[in-house]
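Q: 3D, please:
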Amino acid sequence: MSKSVAELIAEAQVASKAAIKAKIEELKLSTMLTQVSNPAYIDRQIAKDDAAKLTGLMEVFADEDFLEDCKDGTEFKLRRVFGYGSQVDTLLTMARTIQYSQADLKTKMLEATGLTEDLFEEIADALGSAPYFSEKIMDIVPAIQPDLPTLKELLTFMAQELGLALVPNMKKLNQKHIDDMYKYQLARAELEKENTLAYINDTGKGAKAPYDV
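A: Sure thing, here's the model as predicted:
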């Protein structure tokens with residue numbers, strides 16, 4: 001029995017859809033293979049794994065069970081660093097948090113990272129510091145310029161010791177970017193000093209001025 005025209009058209013449509021679907025799958029596979037063999041794609045995937053590893057370590061630092069050994073009741077806080085790129089910010093935050101933590105917690109953090117206190121002291125020295133207003137001296141503490149070559153070497157070593165596969169992106173660790181950041185921080189410090197002195201003059205009190213800066 002011969003097929004009707006409608007049946008033949010329906011079969012042709014099914015065959016056509018199947019061929020199109022097969023071609024789409026072929027193109028998907030080709031695209032995936034191209035991506036997998038692309039060095040830039042591989043680096044992006046490795047960078048995602050590195051970022052996840054760092055995030056996991058920072059989450060350990062903030063875990064309540066991890067922090068239970070704080071004996072003096074001091075509230076724990078991450079000493080966050082911003083402005084140098086996500087991975088560098090995380091590494092520097094980790095370094096500063098460990099450096100300024102109380103002794104028993106610092107020991108636990110060093111054990112968790114497998115790093116040494118000396119390394120974090122070297123990183124702090126190489127990082128320098130932005131200008132800021134100090135209420136102790138009622139004046140602005142000047143900036144300490146970073147030692148960028150040494151800082152980059154130390155962060156590269158730190159990343160390797162933490163098991164990261166790629167060297168962190170350090171393009172923002174350059175003098176122009178540092179100068180721009182310090183200029184902004186100096187303006188904030190000058191405003192805070194001005195507001196604090198105005199508050200003291202207005203109230204006769206030596207307490208911290210209730211101004212946002």
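Q: I'd like the next helix or strand past the host helix or strand of residue 105.
A: Here residue 105 sits within helix 103-113, counting by DSSP states H and E. The helix or strand immediately downstream of helix 103-113 is helix 117-127, counting by DSSP H and E.
Q: so what's the residue count around residue 83?
A: By other C-beta atoms under 10 Å, the residues close to residue 83 number 15. All C-beta atoms are positioned from the backbone trio N, CA, C, and that covers glycine.
Q: sorry, wrong one. I was asking about residue 174.
A: The burial count for residue 174: 11, using other C-beta under 10 Å.
Q: any idea how far residue 97 is from the nearest residue to it once chain neighbours are set aside?
A: Distances taken as C-beta to C-beta, 6 or more residues apart in numbering put residue 148 closest to residue 174, at 7.2 Å, once the chain neighbours are dropped. Going from residue 148 to residue 97 by C-beta to C-beta, to the nearest Å gives 22 Å.
Q: neighbour count winner among those two?
A: Ranked by neighbour count (other C-beta under 10 Å), residue 148 and residue 97 place residue 97 first, with 22 against 16.
Q: check contacts around that one.
A: Neighbour list for residue 97: 61, 78, 79, 109 [criterion: C-beta atoms under 8 Å, 6 or more residues apart in numbering].
Q: so which of the residues you listed comes closest to residue 176?
A: residue 79 (25.2 Å; C-beta to C-beta).
Q: in this structure that closest one contacts residue 96, no?
A: Yes - counting by C-beta atoms under 8 Å, residue 96 is a contact partner of residue 79 at 4.1 Å.
Q: which one of these two is surrounded by more residues?
A: Set residue 79 next to residue 96 and count neighbours by other C-beta under 10 Å: residue 96 wins out with 18 against 14.
Q: distance check, the more buried one against residue 127.
A: Counting by C-beta to C-beta, the gap from residue 96 to residue 127 is 8 Å.
Q: swap in residue 197?
A: 29 Å.
Q: neighbour count winner among those two?
A: Neighbour count, other C-beta under 10 Å: between residue 197 and residue 127, residue 127 has more, with 22 against 13.
Q: how about the contacts made by that one?
A: 92, 146, 151.
Q: in which helix or strand does the last one reside?
A: So that's residue 151. For residue 151, the element it lies in under DSSP H and E is helix 148-161.
Q: quick check: residue 138 touching residue 192?
A: No - counting by C-beta under 8 Å, residue 138 does not reach residue 192; the two are 10.9 Å apart.
Q: who has more neighbours out of these two?
A: residue 192 (20 against 12).
Q: now the helices for the chain?
A: 5-36, 39-61, 64-67, 86-99, 103-113, 117-127, 148-161, 175-203 (DSSP state H).
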